[in-house]
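J.: I need the structure of the sequence given here:
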Amino acid sequence: MFAARQATQSVLGAAQRRAFSATAANATRVAVLGAAGGIGQPLSLLLKLNPRVSELALYDIKGAPGVAADISHINTKSTVKGYEPSSPDAIKECLTGAEIVLIPAGVPRKPGMTRDDLFNTNASIVRDLAKAAAETCPDAAILIIANPVNSTVPITAEVFKAKGVYNPKKLFGVTTLDVVRASRFISQLKNTDPATEHITVVGGHSGATIVPLLSQAGYKLEGAERDEYIKRVQFGGDEVVQAKGGAGSATLSMAMAGARFAESLLKAAQGEKSVTEPTYVDSPLYKDQGVTYFASQVELGPNGVEKIHPVGDLDAHEQSLLEVCLKDLKANIEKGEKWAKANP
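T.: Numbers count the residues shown, from 1 in each chain. Next comes the predicted model:
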């Protein structure tokens, strides 16, 4: 048995070495802004474990060097360095050469708070970090995690537009957690393997703007069961906020979702074909209704967004949900754009 275990470990080790060799030639510097926070720490840990990342640069107003020292002991080859604003050039040093920038920075929700309640504080944080990225690494892919994503993505876009470096193919709102939840929750109802469930979710990333499309996965729920499922997908974050009793929000699951999206972007950037993920981007799908950003299935490539997939066929109830979504989303987008122009 010992010999068999040694052989298994040897095979696994060889597989890991091959995986690293295959990606080492396409090494990437990834920056996390807000790395010492509730999402930032587990997100940084997961990125340290990713062999596609060669350099990990962590920034926060306090604690990033400690997080960097901690995860630097993990036995993967990527280098890690932490930065904090004790040096005036710290954020510039962190962002220099970054190809992917993840922004989970911001204050967490507390019981009774909506994502919009976070708006004023997080809007300022995202604006300032977006300015630094626009000045230092304007060609990087920018992944916005800080809530409310429906508004913070437009704020980031306005910052990049003001600097003359906006590229709609490189700005993403991370909505992956909505898909993760939708797939997990249907698996609990249907007693299936959640890894095999792929529920498309479109719209935005808060409340009624989150629209799960069960019909496209072949499911049809009715009545109270359907309503409870949709409510849980749309307001799943509230479960976590309440369960943590004011001590935090959905940090661990959000970190996993952010790392998953970053992995997909890395795969696409390093040449893998047909990489598709749901994400909130500058989208043509509903621009005729004044909705300039929208989450749908997006094919990723070396230059970011390659193709934005249409929503597809909806049943009558999903269509009604989409109509509510578009109304709310339009207001969220306008709020972000208006704030950014008033607070440059």
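J.: which stretches of the stretch 51-200 of the chain have low pLDDT?
T.: Low-confidence segments of the stretch 51-200 of the chain, defined by pLDDT under 70: 109-111, 113-116.
J.: which residues of it fall in helices?
T.: With DSSP state H, counting those that start in this stretch, the ranges of helices along the stretch 51-200 of the chain come out as 64-71, 90-95, 119-136, 149-162, 176-190.
J.: Leaving out sequence neighbours, find the closest residue to residue 259.
T.: Distances taken as CB to CB, 6 or more residues apart in numbering place residue 46 nearest to residue 259, at 3.8 Å, with adjacent residues excluded. (Each C-beta comes from the backbone N, C-alpha and C, glycine too.)
J.: what comes into contact with the helix or strand that neighbour falls within?
T.: Following DSSP states H and E, one finds residue 46 within helix 40-48. Contact with helix 40-48 is made by 30, 32, 34-35, 53, 56, 58, 60, 67-68, 71-72, 74, 76, 78, 80, 102, 104-105, 145, 251-252, 254-256, 258-259, 262, as judged by CB atoms under 8 Å, 6 or more residues apart in numbering.
J.: Could you list the domains of the protein?
T.: Per automatic domain parsing, the structural domains of the chain span 27-173, 176-342.
J.: ok so, going back, would you turn the helices of the stretch 51-200 of the chain into CSV with distance to residue 219?
T.: As requested, the helices of the stretch 51-200 of the chain are exported to CSV (distance: least, CB to CB, whole Å):
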stretch, distance to residue 219
helix 64-71, 39
helix 90-95, 43
helix 119-136, 34
helix 149-162, 26
helix 176-190, 6
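J.: State the distance from the residue nearest to residue 259 to residue 256.
T.: Taking CB to CB, to the nearest Å as the criterion, residue 46 is separated from residue 256 by 7 Å.
J.: do the same with residue 137
T.: Distance of residue 137 to residue 256, given as CB to CB: 25 Å.
J.: Which one's more surrounded, those two?
T.: Neighbour count, other CB atoms under 10 Å: between residue 137 and residue 256, residue 137 has more, with 22 against 18.
J.: distance of the more buried one from residue 58?
T.: According to CB to CB, residue 137 and residue 58 sit 15 Å apart.
J.: what's the answer for residue 319, then?
T.: 44 Å.
J.: cool, residue 42 as well?
T.: Residue 42 sits 13 Å away from residue 58 when distances are taken as CB to CB.
J.: Which of these two has more residues huddled nearby?
T.: residue 58 (31 against 19).
J.: got the contact list for that one?
T.: Shown in contact with residue 58 (CB under 8 Å, 6+ apart): 31-32, 35-36, 40, 44, 64-65, 67-68, 80-83, 94.
J.: who's it bridged to?
T.: Note on residue 58: beta-bridge partners residue 32, residue 82, judged by DSSP bridges.
J.: where's it relative to residue 139, distance?
T.: For residue 58 relative to residue 139 (CB to CB), the value is 21 Å.
J.: for residue 330, same thing?
T.: Separation of residue 330 from residue 139 (CB to CB): 30 Å.
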